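fold the stuff below for me.
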Amino acid sequence: MLKLLLGLVWACVAAVSLAVITLPISLQTQLIATATVLAAMVAIKVTKLGGTWRLVALALGTTVVLRYVFWRTTSTLPPINQIENFIPGFLVYLAEMYSVLMLFLSLFVVAAPLPSRPARVNWDGDNLPTVDVFIPSYNEGTTLLANTLAAALTMDYPSDRLKVWLLDDGSTLQKRSSENAGESQTAEKRHAELKQLCADLGATYLARERNEHAKAGNLNNGLLHSEGSLIAVFDADHAPAREFLLDTVGHFEEDPRLFLVQTPHFFVNPDPLERNLGTFEKMPSENEMFYGIIQRGLDKWNAAFFCGSAAVLRREALNEAGGFSGVSITEDCETALDLHGRGWNSVYVDTPMIAGLQPATFASFIGQRSRWAQGMMQILRFRMPLFKRGLSLPQRICYMSSTLFWLFPFSRAMFLVAPLFYLFFGLQIFTASGGEFLAYTATYFVVNLMMQNYLFGSYRWPWISDLYEYVQTVHLLPAVVSVILNPRSPTFKVTAKDESILHDRLSEISRPFFIIFAILLVGVGVTAYRVITEPYRADLTLVVGGWNLLNLLLAGCALGVVSERGTPSASRRVAVRRRCDLLIGDRVFPATIDNVSVDGARLRVYGSVPADLVAGGAISMRFRPHSKSGTASLPAVVRNVRPEPDGASIGCSYVTSQAADHFLVADLVFANSEQWRAFQLARRNDPGLVRGTVWFFGLCLAQTCRGFVYLFHQMRGSDARLRATPVAAKLP
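Numbers count the residues shown, from 1 in each chain. As a prediction, the model looks like this:
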């Protein structure tokens, strides 16, 4: 009876909403109504009302959006007999409807996400499940792998129930037997080095015969050779904190049908946009919107999916499905889709417990996103979540939201060129006056921005999503088109982890961004010309010209994105506060470790400093590791000494000459994940729509200038300052 009553209430609300949405009203009434809605949304936001009031604000915004959709559909499309106007006009309309669809899917997923799940340790310590840790590798360096293996081996878990595997796909028998002598020798050398490394550290080395089915095939080969009831997966550049397993395995005891516990991917280095724009320290990273909000929203509907790393899976579920899925090149999401369809459950624990690396260069960033986009298109084509048997309706909607998102290059491209149809060719793709545009389109645009701010708040600042989508669209559009035309064409390409940029330079794929900027800039000139020569159309021309100007600002900011800043170090330092002893020969000086990376550390020594403490000198750091009682010493070499009023600050580099040294480096950098959480929380502040917009437009102007400075240097042939230098990538 209660369900029937609720159904009747919802039906009545829907009928009233439909009547309001389709009600014929004047422009003045439309403006007053939308202004009232905006005022109500602003009031709710400013007073920080949450819970039901948040849903009320989103419902009010949805009414404005639907009112716009109705008007846009019934009143603005060009006549079909004007084919030159109708075709581009209809394409722009489809792009808008796609954006509306994605907004509604986002509302369904994240309007009321689950609160962050607490990490739980419910299993009896004497009856903990056996865990196999898989670290798949392809072309990563030995030092990077040594630190990840050491971090995994020192996780707080009974050693007799934990086995760490290095799954090496870069030294398969196929590669070692290659007819190419250089490839064969490289693979043999890597095989010997990594096998010895695993023996020294206490890990298990495994290389298969052939490179088949990429990462999924490598993981499945690990399943064949292991026996643990749970499988933890970490990418080669994802080092876990000590508490990772104890904070995740307990969920499997609570639910015998649980196949996945996924945790966030935390990155200690900026992505190319954050590095080049200088926002890493003050603005939430792009991935935090997904891991901080969207995955919690998916978790509400039992649709949180496997993200390829930082996760624990149940072997029984994987065996039932025949292992990790490998039809698409995004084996992680595909595997989760398959297992959800078989009635298994998933859990998302919103606590960062791994530290990873993001692509260092803009080209690598685009390569990574191209793989994600193509893989999701393959899932949409071969698995079609909407009709997948075994999924609940909410799960179908969630997976459709995750896959359809990657069609954004089409809509973003249409929004980019749409104003130019009118400015350059005089095409009437949008039948509306300036007043109608203000009453409907402008208000819809503002409401849309406010709803995005409501949904993601401190996790995503205004306009940042637009920037990320634009810089990806230029190169993702052909990638998505290619996989739509030939779904089996994409192949798995490993994201480069051995790059760094030591000198300022323009990205090797930057040219299209300068060409687009130049075209949009011409559009600004054409706008001024049309306003002067066609004053009777000035209102419409100014509206379209404003749209083009907005695109120009985004394009200008993108010039800063592809102008890559050189970084002084290959690794990034993480602030810590840890007591230690500085050992110089047989002398001991009390000190504090201020920051660390996998390359070195900075120590603070108080009091008098010996005169023989100079660059190049050998020292040791003695401290108490988290993983054992007592103290241990890590050898290092001094890089610089900086006098301080009460002592000195000493920069040093580790000397990792034996396996035990890697355990100490891992203990310094990765053991305590609280430092990562504190860093994330420090960046999560919501500037609001107005302040965020002003900040972003200022950023656009500054980055436009910086982009042209880089272009000027490159045109002058300043290769010494604009050259990328690949170095061994390391975690800070």
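
doesn't F492 belong to a strand?
No. F492 is assigned coil when assessed by DSSP: H, G, I helix; E, B strand; the rest coil, not a strand.

burial measure for Y536, as a count.
7 (other CB atoms under 10 Å). All C-beta spots, glycine's among them, are computed from the backbone N, C-alpha and C.

before we move on, what about I44?
With other CB under 10 Å as criterion, I44 counts 18.

let's verify it: helix, strand, or coil?
Per three-state DSSP, I44 ends up helix.

and R530, how far from Q374?
40 Å (CB to CB, to the nearest Å).

what are the phi and psi angles of E140?
phi -80, psi 150 (degrees, to the nearest 10).

and it, how far from L153?
Counting by CB to CB, the gap from E140 to L153 is 17 Å.

the more surrounded of those two?
A direct count of neighbours by other CB under 10 Å for E140 and L153 places E140 higher, at 25 against 21.

just checking, that one touches D237?
Yes. Counting by CB atoms under 8 Å, E140 does reach D237; the two are 6.8 Å apart.

can you count the residues close to the nearest residue to Y291 once chain neighbours are set aside?
Nearest residue to Y291 in three dimensions, chain neighbours excluded: P264, at 3.7 Å (CB to CB, 6 or more residues apart in numbering). Residues near P264, counting by other CB under 10 Å, number 24.

how about the secondary structure of P264?
coil.

correct me, but it touches T351?
Yes. Contact criterion CB under 8 Å: P264 and T351 qualify, at 7.3 Å.

shaky segments in the stretch 401-550 of the chain?
For the stretch 401-550 of the chain, the stretches flagged by pLDDT under 70 are 496-499.

that one: helices as residue ranges?
408-425, 434-436, 443-456, 464-485, 511-533, 538-561 (DSSP state H, counting those that start in this stretch).

in a markdown table, list those along with mean neighbour count and distance to S653.
Output for the helices of the stretch 401-550 of the chain, formatted as a markdown table (neighbours: other CB atoms under 10 Å; distance: least, CB to CB, whole Å):
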| stretch | mean neighbour count | distance to S653 |
| --- | --- | --- |
| helix 408-425 | 20 | 43 |
| helix 434-436 | 16 | 64 |
| helix 443-456 | 20 | 40 |
| helix 464-485 | 19 | 35 |
| helix 511-533 | 16 | 37 |
| helix 538-561 | 21 | 32 |
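
out of those helices, nearest to G717?
With CB to CB as the measure, helix 511-533 is the member of the helices of the stretch 401-550 of the chain nearest G717 (16.5 Å).

just give the nearest non-adjacent residue to V669, would you?
Closest to V669 by CB to CB, 6+ apart is V596, at 5.3 Å.

beta partners of that neighbour?
Beta-bridge pairing for V596 (DSSP bridges): V574, A601.

surely it and R577 touch.
No. With contacts counted by CB under 8 Å, V596 stays clear of R577, the gap being 10.7 Å.

who has more neighbours, the two?
V596 (25 against 10).

any idea how far the more buried one lies from M353?
V596 is 18 Å from M353, by CB to CB.

again, but for V562
33 Å.

likewise for T62?
T62 is 36 Å from M353, by CB to CB.

how many neighbours does the residue lying closest to N685 once chain neighbours are set aside have?
Spatially, and ignoring its direct neighbours in sequence, N685 is nearest to S458 (5.5 Å; CB to CB, 6+ apart). By the measure other CB under 10 Å, the count of residues near S458 is 17.

let me see the contact set for the nearest residue to V526 once chain neighbours are set aside.
Ranked by CB to CB, 6+ apart and with sequence neighbours excluded, the top spatial neighbour of V526 is L423, at 4.7 Å. If you count contacts by CB atoms under 8 Å, 6 or more residues apart in numbering, L423 has them with G523, V526, T527, R530, T541, V544, G545, N548.

is the second one in contact with G426, as I believe?
No. Under the contact definition of CB under 8 Å, V526 does not touch G426, with a separation of 10.4 Å.

buried residues in the helix or strand containing A591?
Here A591 sits within strand 587-596, counting by DSSP states H and E. Buried residues in strand 587-596, counted by 16 or more other CB atoms under 10 Å: F589, A591, T592, I593, D594, N595, V596.

alright, calling it a day.
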